[in-house]
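Novice: One predicted model, sequence on top.
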Amino acid sequence: GTWLKYVGMPFPQGGFVQVGHTYTDFRRRLDYMLERLMNDYPAGEDGYYLLVDRKKGDIVSGLKAYMRGKMLIESGIDPKAFEDDEYVEDTVLPYHISSHPYPFEVFGAEEGETFEAFVYRLRLDFAPEMDVYVILSKDEVFYTRNRVVAMTAVILALVFLVGGGLWLKVMQQHALVEELREKEDRKRLQDLKMASNVQHAALPPSSPDLPNARLFATMRPAKNVGGDFYDYTTLSDGRLLIVCADVSDKGIPAAMFMMRSKSVIRFEVEAKPTLVEAVNAANASLAAGNEDPVMFVTAWIGVLDLKTGEMEYVNAGHNPPYLRRADGTLEPLKENRGLVLAATDIARYRSGHVTLRAGDLLFLFTDGVTEAKSATGGFYGEGRLERLLAEEGKGSPEEICRRVVASVDVFALDEPQADDITVLALTFG
């Protein structure tokens, strides 16, 4: 959104009036006032004035439009080259003046032109955000310097006090708002880092020690805190629970909802006699506590018997995983895909069944893989993932996961990662 800077005045009887302006609007109006000043009170025949933001170093107002917005150093003037200030008191308002003993090669009246000039820097006590630079032609400086500098201080004082008092307050409030925004940004980054640490701590190790199976998983968030997560745990009856999920939002709210979803799914799968009952209960619990209408979870939840290879699974609106058989045959597990979790408490789910055999690979992922975009706007897509798994789906689970992520990175090149990327691979036997 747009940051507004406000100037207000309270009334003795109560209440107040408040005016809001953007910093851009302030600079435009101040530029107009100073342009009139420069036209009405020229700095000699070739000279001019520059109004410079002291903190940022950019030119707020100049003789010609092409000067505005440039950094002062681009004009040929080095702000670090000026000598100590001289304090001048015998004027309408006191001011500080600094000079440089040698001329600068500075901007001319037209873009591309330059000329040699002596430069004087004025600082008014009541305008600490701005510096005024008076540029005087080398040929004119000896007979115009004192008159122009003194006149500039007087005129600027009048402009700021009479015509620009409100805008000066706006500018000062802008500096305050910028400082507050920087503090807020630092605090937000600290909060995101803390939430990110909590989120990653909530994920199980990437590569557990399992009987009769090998597993590897990794999650790379698009922001400091992502909405994707994976989970696995050995249930009390010895079966392995596997979850791959994606929360609809990003940032801290998604991370909090992710941790709640993970806990609820684990609890219900352990507590209920069947996987379908567990997912129905988990969905009802998540939906009942979900006050955000756009917050939901896609999830693939499977329970694997590590002895027999029999697996039951429920798909709650998630990308169907792939099963790569030992002979290289690749098949997506598209059976009984249901509604996402937490959208409504009346959703009901059905399960699918598959039996893993020695050498089979189960590959789970989130849409950050297939929806990764290239510089030309194309998607990585399911077809590219299927070809990769079919041709290069042999090896350890870690090798397969890293091949997929590397393939996505090569496809996207320098395009920023738009969504979290989570992959999980399990080989049986």
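Specialist: Looks like it came in fine.
Novice: Dump stretch 275-288 to PDB, keeping only the CA atoms.
Specialist: This file holds the C-alpha atoms of stretch 275-288, laid out as PDB (Å, rounded to 0.1, in the frame of the first residue of the first chain):
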ATOM      1  CA  LEU A 275      -7.100 -44.300   8.400                       C
ATOM      2  CA  VAL A 276     -10.400 -43.000   6.900                       C
ATOM      3  CA  GLU A 277     -11.800 -42.400  10.300                       C
ATOM      4  CA  ALA A 278      -8.600 -40.600  11.300                       C
ATOM      5  CA  VAL A 279      -8.600 -38.300   8.300                       C
ATOM      6  CA  ASN A 280     -12.300 -37.500   8.700                       C
ATOM      7  CA  ALA A 281     -11.700 -36.600  12.400                       C
ATOM      8  CA  ALA A 282      -8.500 -34.600  11.500                       C
ATOM      9  CA  ASN A 283     -10.500 -32.600   8.900                       C
ATOM     10  CA  ALA A 284     -13.300 -31.900  11.300                       C
ATOM     11  CA  SER A 285     -10.900 -30.700  14.000                       C
ATOM     12  CA  LEU A 286      -9.000 -28.400  11.600                       C
ATOM     13  CA  ALA A 287     -12.100 -27.000  10.000                       C
ATOM     14  CA  ALA A 288     -13.700 -26.300  13.400                       C
END
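Novice: let's number from 807 now, not from 1
Specialist: That works, and once the first residue is 807, the last one we named lands at stretch 1081-1094.
Novice: Any buried residues in that stretch, and which?
Specialist: For stretch 1081-1094, a neighbour-count test (16 or more other CB atoms under 10 Å) marks 1081-1082, 1084-1093 as buried. Glycine gets a C-beta too; all of them are placed from N, C-alpha and C.
Novice: for the record, mean pLDDT for that stretch?
Specialist: The pLDDT scores in stretch 1081-1094 average 96.
Novice: now do stretch 1158-1169
Specialist: The predicted model gives stretch 1158-1169 an average pLDDT of 97.
Novice: Can you give me the buried ones in that stretch?
Specialist: Of all the residues in stretch 1158-1169, those buried under the rule 16+ other CB under 10 Å are 1158, 1160, 1162, 1166-1169.
Novice: again, but for stretch 1033-1053
Specialist: Of the residues in stretch 1033-1053, 1033-1038, 1045-1053 count as buried by neighbour count, 16+ other CB under 10 Å.
Novice: Between the two ends of it, what distance do you get?
Specialist: Distance across stretch 1033-1053, first residue to last, is 5 Å (CA to CA, to the nearest Å).
Novice: Could you look up the next helix or strand downstream of the strand ranked longest in the chain?
Specialist: The longest strand of the chain (DSSP state E) is strand 920-930. Beyond strand 920-930 in the direction of the C-terminus, DSSP states H and E gives the next helix or strand as strand 936-943.
Novice: For residue 872, which three-state class applies?
Specialist: In three-state terms, and counting by DSSP: H, G, I helix; E, B strand; the rest coil, residue 872 is helix.
Novice: From residue 880, how far out is the nearest residue to it once chain neighbours are set aside?
Specialist: For residue 872, ignoring the flanking residues on the chain, the nearest one in space by CB to CB, 6 or more residues apart in numbering is residue 917 at 4.4 Å. For residue 917, the distance to residue 880 (CB to CB, to the nearest Å) stands at 12 Å.
Novice: Mind listing the residues bridging to the spatially closest residue to residue 876 that is not a sequence neighbour?
Specialist: Once flanking residues are discounted, residue 876 sits nearest to residue 865: 5.3 Å by CB to CB, 6+ apart. Going by DSSP bridges, residue 865 is paired in beta bridges with residue 858.
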